[in-house]
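A.B. asks: Just need the structure, nothing else, for what follows:
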Amino acid sequence: MPETSRSLLLGLALAVLPAPLAQAGTPRLEGPWCLVEGEHVELLSGIGETRSLEVARRLDGFHRALLVLLPGLVSEGAAPRRFVLFEERDLFMHYAALLGAPHESDGLFLGRASNGLGLIWAGELEDPLPLLQHEYVHAILAESAPTLPLWLNEGLAELLTTAWTDGYRAEVGAPVAGYPRLLRKNPPQPLEALLVVEPRSPGYLETARKSRFHADSWIVTHYLLLGRPALAKRIPPYLRALEEGTPPAEAFERGFALSPEALRAELARYARAPKLPLLQIELPPETASRIEPAATRLDTVDTLIQLAERLAAVDDGGRGAVRAALTEARRRLERQARSRKARLREAAQPRIEALVLTEQRLLAARAREAPTR
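C.D. replies: Reported below is the predicted structural model:
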């Protein structure tokens, strides 16, 4: 391209992109990032290449175990689930808030089906895998069982948070840290209250009550699937009753042939047991991994663009987050374009031009997806 045309296009790029706002206190993406692609998972990660590869390897193993543990809900050929792993908590909270996350957390999954995205703060976690397994289950359920009641959705995610596999065997049912003590001290709440909690309910949004909701959901799910495994076959009738519009407590009693009052008494005894039952299974050889995760190192601008690509795919409220990532990318490229070094200025120009096209594509796509009124 002639230099004159390139200069004109660069000027157009700087005019078209939104003006970067220097907001005090806005966290900046720093440090080395990488893109890790596994057989069933894709990680945009700021927690280090070696650690990210190990996480991807173990998540691939978790997926293969879920093929056996959740038959019918997990697909072998599904697109890889996408996650962003943050080292810095303030950066994680910044993007989580822009995406409209309804509560403070160390991890969340937003969106539906193949357009979902998990955001994880893994910086201070000795092992981020339990949190990732929790959100991975949410990713699967968002695709295969989007109408699952919240208590069962969270109960399954909590139950599988502590699942373990070595590629040959899998074990499910180990207690989630803190839950047995909480439940021994405070018996499970009335089941009628648990069954009606929704994503916007106070019992789910408030941090302290949310922890209690998760603990209660975990013990009910543990009891139904592992404590009295015959009841697992009663889940489909319960879900059908809900789909027919039956009130939650009545649907539960009809589906499980067990009154909420009777179950609460049994759960109180179950939660006080010194040891809860575990499920141990052998994994068939055909579930063995066929692909080893691979990592690609990214510079900061490429990381921000990759982040924007993923945020744009989220079904709910991703436009502000997309703009934030692209605006920071532009700010960094503008600084490079003003460098005294000709080599850096020349390298910045085509990247700014590409950034304009990326923004137009991503924000135009989100505009098309927005509902008309």
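
A.B. asks: Can you tell me the closest non-neighbouring residue to Leu85?
C.D. replies: Ser45 (4.1 Å; C-beta to C-beta, 6 or more residues apart in numbering). In this view, the C-beta of every residue, glycine as well, is placed from N, C-alpha and C.

A.B. asks: Distance check, that neighbour against Leu59.
C.D. replies: As judged by C-beta to C-beta, to the nearest Å, Ser45 and Leu59 stand 12 Å apart.

A.B. asks: Check Glu88 too.
C.D. replies: Distance of Glu88 to Leu59, given as C-beta to C-beta: 22 Å.

A.B. asks: Okay, buried residues for the longest helix anywhere in the chain please.
C.D. replies: In the chain, taking DSSP state H as the definition, the longest helix is helix 342-369. For helix 342-369, a neighbour-count test (16 or more other C-beta atoms under 10 Å) marks 348-349, 351-353, 355-356, 358-359, 362-363, 366 as buried.

A.B. asks: what about dumping the CA coordinates of stretch 223-240 to CSV?
C.D. replies: The C-alpha coordinates for stretch 223-240 follow below in CSV (Å, rounded to 0.1, in the frame of the first residue of the first chain):
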residue,chain,number,x,y,z
TYR,A,223,-28.1,-37.4,48.7
LEU,A,224,-30.2,-38.0,45.6
LEU,A,225,-27.4,-39.2,43.4
LEU,A,226,-25.0,-41.0,45.8
GLY,A,227,-26.9,-41.4,49.2
ARG,A,228,-30.0,-43.0,47.6
PRO,A,229,-28.9,-43.6,44.0
ALA,A,230,-32.3,-45.2,43.1
LEU,A,231,-33.7,-41.7,43.4
ALA,A,232,-31.6,-40.5,40.5
LYS,A,233,-34.0,-42.2,38.1
ARG,A,234,-36.7,-39.9,39.5
ILE,A,235,-35.1,-36.7,38.2
PRO,A,236,-36.7,-36.9,34.7
PRO,A,237,-40.3,-37.1,36.2
TYR,A,238,-39.5,-34.2,38.5
LEU,A,239,-38.3,-32.1,35.6
ARG,A,240,-41.3,-33.0,33.5
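
A.B. asks: mean confidence for it?
C.D. replies: Across stretch 223-240, pLDDT averages out at 92.

A.B. asks: Go ahead and name everything in contact with it.
C.D. replies: 147-149, 152, 159, 172-173, 251-252, 254-258, 263, 266-267, 270, 276-279 (C-beta atoms under 8 Å, 6 or more residues apart in numbering).

A.B. asks: Now the buried members of these.
C.D. replies: Judged by 16+ other C-beta under 10 Å, buried ones among those: 148-149, 152, 159, 172-173, 251-252, 254-256, 258, 263, 267, 270, 276.

A.B. asks: Next step: the residues you listed restricted to helices.
C.D. replies: 152, 159, 251-252, 254-256, 263, 267, 270.

A.B. asks: Any stretches of this protein with poor pLDDT?
C.D. replies: For the chain, the stretches with pLDDT under 70 are 1-25, 77, 102-104, 112-114, 203, 205-209, 287, 315-318, 365-373.

A.B. asks: Swap in 50 and give it another go.
C.D. replies: Across the chain, the ranges flagged by pLDDT under 50 are 1-24, 370-373.

A.B. asks: how does it divide into domains?
C.D. replies: When the chain is parsed with automatic domain parsing, its domains come out as 32-146+290-297, 175-277, 299-366.
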